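S.K.: Okay, here's the prediction I keep looking at, along with the sequence it came from:
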Amino acid sequence: MNDELSPTHAVIDLDEDYPEIREGVRRICADFLGAYWRKLDEMEAYPSEFVRAMTEAGYLSALIPEEYGGTGLPLRAAGVILEEVHAGGGNASATHAQMYTMGTVLRHGSEAQKRRYLPEIAAGRLRLQAFGVTEPTTGTDTTKLKTRAVRDGDSYVIDGQKIWTSRALYSDLMLLLARTTPLDEVRRKTEGLSVFLVDMRAAIGNGMTIRPIKAMINHNTTEVFFDGLRIPADSLIGEEGGGFRYILDGMNAERILVSHESLGDAKWFVRTASRYASERVVFDRPIGMNQGIQFPIARAYAQTQAAELMLRKAAALFEAGRPCGEEANLSKLLSSEAAWEAGEACMQTHGGFAYAREYDIERKWREARVQRTAPISTNLILAYIAEHVLGMPRSY
Ligand SMILES: Cc1cc2nc3c(=O)[nH]c(=O)nc-3n(C[C@H](O)[C@H](O)[C@H](O)COP(=O)(O)OP(=O)(O)OC[C@H]3O[C@@H](n4cnc5c(N)ncnc54)[C@H](O)[C@@H]3O)c2cc1C
């Protein structure tokens, strides 16, 4: 190592890093091929067997420090796990939440909360996969959310509604963002929001109702209604009123992780498209001999490579403890667009067969699209870059 480098220099590994993790995830994914995901998709079912296999292999506790029972891996290693699932044709959305929703507890929870929850989450005995932020009437304008949590003795009483709360029916705990001080009583709109760790096992039927949403992709997503739900006061994470900052604290990590999923999708599309283009013979020659077929795939490959470089930069800066807001946002933008362009090339290359479910292309195409909307939409990323990187006036 070069002694002149500062302790916070960032190293980008340009090789295929974490080969053992990649190999291990590929081995698991070999038991969960396209037919498995197609069946779940048709039945709108939750991938319980896949989640169990990933938990037992220790991959979902990657970000939980060893002292709390996890494997304590770097963020990049966790990203590689998600990327490999997507690059193999699967979908990691049911596993990524168990991997990182606990980050808010880890960073801002009390020692007692960490000792109580993190080892159970690491072992997979406790599922923390539900994250309740988005609301139907306020959407991206998070600070205006209307769900209220009012302190009453040793409890908080919660009223309101969340939407798009994914996996709520398959989770034991929910990380919930609610307003504890009314908007017109705070100095800044980002104040007065608090984060709670809600035990859903006790809440369902006692003030919490969950209703599944029929959606374009199999994401097990729901609406959650709170009607006088009473939760213990010690469900509060960190300080009352500090919740918005706690959620923002986890954004770079979340963006870097979900970018790995898009990157995996992009790689799957490029590989699947180029293979088919070389094999499919029309007019007595492989369709891949036509530049109209090969150029979009080659272009998508170039976009994928560029997105991967930015992603590796973002992860390296994150690991070095350096600011990485710009790179995390650029990664999210570039990787979701690379996946989208690669998906489009793959669809076009397969002609009519792209629409046949058994090819998995239309499923992957639907799944890849969500990354342009959630967890953060492309417009809001562009707004971040315009304002925080390029110094232009805030647009909203
Ligand atoms: C499958 C799926 C799973 C999800 N899972 C979860 C979850 O588990 N937990 C959770 O809390 N949320 C979840 N979400 C919600 C997701 O985070 C939101 O859908 C997303 O943040 C956008 O919010 P919205 O849908 O309310 O769009 P809106 O806020 O209504 O915005 C609509 C469009 O307008 C654009 N827009 C809005 N304001 C501006 C502006 N000022 N400048 C430019 N463009 C603007 C947006 O970018 C978007 O394209 C999920 C969503 C989906 C689809």
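M.R.: Everything's here; your move. Fair warning: this is a prediction, and the values are worked out from it, not measured in the lab.

S.K.: The chain against the ligand: which residues are in contact?
M.R.: By the criterion of C-beta under 6 Å from any ligand atom, the positions of the chain lying close to the ligand are 131-134, 139-140, 164-166, 215, 219, 221, 370, 373-377, 379-380, 383, 395-396. All C-beta spots, glycine's among them, are computed from the backbone N, C-alpha and C.

S.K.: Among the residues you listed, which lie within helices?
M.R.: With helices identified by DSSP state H, the entries of those that belong to them are 379-380, 383.

S.K.: from the residues of the chain next to the ligand, which would you call buried?
M.R.: Using 16 or more other C-beta atoms under 10 Å as the burial test, those include 131-134, 164-166, 219, 221, 370, 375-376, 383 as buried.

S.K.: can you put the residues you listed in a markdown table and add distance to residue 288 and pLDDT?
M.R.: As requested, those are exported to a markdown table (distance: C-beta to C-beta, whole Å; pLDDT from 0 to 100):
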| residue | distance to residue 288 | pLDDT |
| --- | --- | --- |
| 131 | 42 | 97 |
| 132 | 47 | 98 |
| 133 | 44 | 98 |
| 134 | 42 | 98 |
| 164 | 39 | 98 |
| 165 | 43 | 98 |
| 166 | 38 | 97 |
| 219 | 33 | 94 |
| 221 | 38 | 97 |
| 370 | 29 | 97 |
| 375 | 36 | 95 |
| 376 | 36 | 95 |
| 383 | 39 | 98 |
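
S.K.: Make CSV from those residues and add distance to residue 44 to it.
M.R.: Conversion of these to CSV gives the following (distance: C-beta to C-beta, whole Å):
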residue, distance to residue 44
131, 20
132, 20
133, 23
134, 20
164, 15
165, 16
166, 13
219, 9
221, 10
370, 15
375, 21
376, 25
383, 33
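
S.K.: Show me the residues you listed that map onto strands.
M.R.: With strands defined by DSSP state E, the entries of those inside them are 131-132, 164-166, 221.

S.K.: quick one on the thing from earlier: identify, from the ones in helices among the residues of the chain next to the ligand, the entry nearest to residue 13.
M.R.: Distance ranking of those against residue 13, using C-beta to C-beta, places residue 380 first at 30.0 Å.

S.K.: so the closest one sits right up against residue 140, yeah?
M.R.: Yes - taking contact to mean C-beta atoms under 8 Å, the distance of 6.1 Å between residue 380 and residue 140 places them in contact.

S.K.: tell me the contacts of the residue of the stretch 201-350 of the chain found nearest the ligand?
M.R.: Of all residues in the stretch 201-350 of the chain, the one sitting closest to the ligand is residue 219 (4.2 Å; C-beta to the nearest ligand atom). If you count contacts by C-beta atoms under 8 Å, 6 or more residues apart in numbering, residue 219 has them with 93, 166-167, 370.

S.K.: now stretch 349-361, how far from the chain's geometric center?
M.R.: Its chain's C-alpha centre and that of stretch 349-361 lie 26 Å apart, by C-alpha atoms, centre = their mean, to the nearest Å.

S.K.: wait, what's in contact with the residue nearest the centre of the chain?
M.R.: The geometric centre of the chain, computed from its C-alpha atoms, lies nearest to residue 258 (C-alpha atoms, centre = their mean), at 4.3 Å. By C-beta under 8 Å, 6+ apart, the contact list for residue 258 reads 82, 96, 332, 371, 375.

S.K.: what about the strands in this protein?
M.R.: Shown for the chain, the strands assigned by DSSP E span residues 128-132, 148-152, 155-166, 173-179, 193-199, 208-212, 221-232, 236-237, 281-282, 285-286.

S.K.: Kindly reformat those strands as a markdown table and extend each row with distance to residue 343.
M.R.: What follows is those, written out as a markdown table (distance: least, C-beta to C-beta, whole Å):
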| stretch | distance to residue 343 |
| --- | --- |
| strand 128-132 | 26 |
| strand 148-152 | 40 |
| strand 155-166 | 21 |
| strand 173-179 | 31 |
| strand 193-199 | 35 |
| strand 208-212 | 26 |
| strand 221-232 | 21 |
| strand 236-237 | 37 |
| strand 281-282 | 22 |
| strand 285-286 | 21 |
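
S.K.: Residue ranges in the chain under the pLDDT threshold?
M.R.: Judged against pLDDT under 70, the low-scoring parts of the chain cover residues 1-5, 7.

S.K.: Tell me which residue in it sits closest to the ligand.
M.R.: Among residues of the chain, the one nearest the ligand by C-beta to the nearest ligand atom turns out to be residue 139. It sits 2.5 Å away.

S.K.: what's the distance between that residue and residue 343?
M.R.: When C-beta to C-beta, to the nearest Å is the yardstick, residue 139 and residue 343 sit 25 Å from each other.

S.K.: swap in residue 363?
M.R.: Look at residue 363 and residue 343: by C-beta to C-beta, they are 11 Å apart.

S.K.: Which one's more surrounded, these two?
M.R.: With other C-beta atoms under 10 Å as the criterion, residue 363 and residue 343 differ in neighbour count, and residue 343 comes out ahead with 27 against 20.

S.K.: residues touching the nearest residue to the more buried one once chain neighbours are set aside, list them.
M.R.: Computed as C-beta to C-beta, 6 or more residues apart in numbering, the closest residue to residue 343 that is not its neighbour in sequence is residue 365, at 4.5 Å. Residues counted as contacts of residue 365 (C-beta under 8 Å, 6+ apart) are 343-344, 346-347, 354.
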